[in-house]
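1. the amino acid sequence is not available; the structure is as follows:
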């Protein structure tokens, strides 16, 4: 029998509570979109993975210069995609029983209102150029925040409220403590109007409880109503993203969600990742996929890589399929992160695996479950979840990580790769890992680890026709 001292000498192993999010529940997802040239393609990809998510809203708001407020192109586009999804639904359900029904998606897809210019064109007041094969001419006047958010009518003579903003308030009011992951592909004006109304109609305590649940991923900042959430003048002062000549016009107290991620330009790397010819030919949704790219896809890729075990979806500095984020600094609220001074490689390094995943998903539309590949199951030290594993041990101690129980549901052969993800940890020295292609790794805790954290990634890849990967992240720190 082990003595108390012997038991205390065993390294302390525990699992991150936040990282266990995906093992316990589906994340709540809200999609804000303008359905411009690339949004449709991103929505198509999202729908192939929609069984992982509790999608609560798809809010469609026109955005200049692509579409004026009285043009219904975006609404037609989103409905054409949902109609195509309905044709594929029974086939997709063969693969995963929890794909949402067409009726469910249709009922949560709502019209927003606003049609503001994309943020870097705000003060240009005109546009005449080709957008994804379509020549567009558009113009507008001065744009001021309070003309579009608040009481009364907007400059188009329409109510500032909409069915989209009303639906969002219903979501905000749910008795559900799960985080709400908001994807800002476009149309933040409708979201901000919903926040304005919710704040107006609820106590400060209830409004703060809502803010604490909101996790917003901004593809750029889209339009000037983001000024409600972040000072646009301070963003301009960073000089690290294309903001045109926009200036802040908001007067009042801003509100701060739990966190806000600002992808200031890395998303452009997804515009040409998938070629139209690669996607077409895999069923009705794939036939709608066009040459406009997928600029908004990173806004949910970090949720997908969390499913695969790579990252905690509530920790944006960890690095994920959606890139890595850094704190915006003391001029911004705590919990505000951006991609400024983050190398593009932090998004690009995962592109081959992300592409393979989507190419395999496309097979779901035309093949049965036993004809497609499935991701391997990564198991470390007997744990086969996808949560982050945290290990604390003494400096110079040897830590053993055993992934030999990992397996592939299709019986494919597996390859292993362990690597030190130096960019996401705080230990300053690159660690050379001996035997990084073996299922069992023995690693000595650096003598100089101090208060640092070392992030180790296990990547397991199968040898299926379209190779797929799963990950586990181990965070190593000193036992205190």
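-> Yep, that arrived. None of the values given here were measured: they were computed from a predicted structure.
2. alpha carbons only for contacts and neighbour counts from here, please
-> OK.
3. quick check: domain ranges of the protein?
-> According to automatic domain parsing, the chain comprises the domains 21-365, 375-478.
4. which stretches of the stretch 351-480 of the chain form strands?
-> Taking DSSP state E, counting those that start in this stretch to define them, one finds strands in the stretch 351-480 of the chain at 389-393, 398-402, 414-420, 440-444, 453-462, 469-478.
5. quick check: mean pLDDT of the helix or strand where residue 83 lies?
-> Counting by DSSP states H and E, the element that carries residue 83 is helix 73-95. Computed over helix 73-95, the mean pLDDT rounds to 98.
6. list the helices and strands it packs on?
-> The contact analysis (3 or more CA pairs under 8 Å, 6 or more residues apart in numbering; DSSP states H and E) places helix 73-95 against helix 39-48, strand 54-60, helix 102-108, helix 284-288.
7. apply 7 Å and report the result again.
-> In terms of contacts (3 or more CA pairs under 7 Å, 6 or more residues apart in numbering; DSSP states H and E), helix 73-95 is packed against helix 284-288.
8. run the chain-centre distance for the helix it packs on.
-> Relative to its chain's centre, helix 284-288 lies at 23 Å (CA atoms, centre = their mean, to the nearest Å).
9. now do it: everything it contacts.
-> Residues from elsewhere that reach helix 284-288 (CA atoms under 7 Å, 6 or more residues apart in numbering): 44, 81, 84, 85, 87, 279, 280, 281.
10. most neighbours among those, which one is it?
-> Among the contacts of helix 284-288, residue 85 has the most neighbours (other CA atoms under 10 Å), with 24 neighbours.
11. what number of residues lie near the nearest residue to residue 379 once chain neighbours are set aside?
-> Of all residues not flanking residue 379 in the chain, residue 406 sits nearest, at 4.7 Å (CA to CA, 6 or more residues apart in numbering). Residue 406 has 20 neighbours, counted by other CA under 10 Å.
12. likewise residue 360?
-> 18.
13. quick check: it touching residue 466?
-> Yes: using CA atoms under 7 Å, residue 360 is in contact with residue 466, at 6.3 Å.
14. need the residues touching each of those two.
-> Counting by CA under 7 Å, 6+ apart, the contacts common to residue 360 and residue 466 are residue 373.
15. so where's this protein shaky on pLDDT?
-> 1-24 (pLDDT under 70).
16. one more time with 80, if that's ok
-> In the predicted model, the chain carries pLDDT under 80 at residues 1-24, 132-133.
17. closest to residue 183 out of the strands of the stretch 351-480 of the chain?
-> strand 469-478 (23.9 Å; CA to CA).
18. what helices or strands is that closest one leaning on?
-> Contact here means 3+ CA pairs under 7 Å, 6+ apart; on that basis strand 469-478 packs against strand 389-393, strand 453-462.
19. mind checking how far that strand is from the chain centre?
-> 20 Å.
20. okay, the angle between that strand and strand 389-393?
-> 30 degrees (axes from the mean of the first three to the mean of the last three CA atoms, to 10 degrees).
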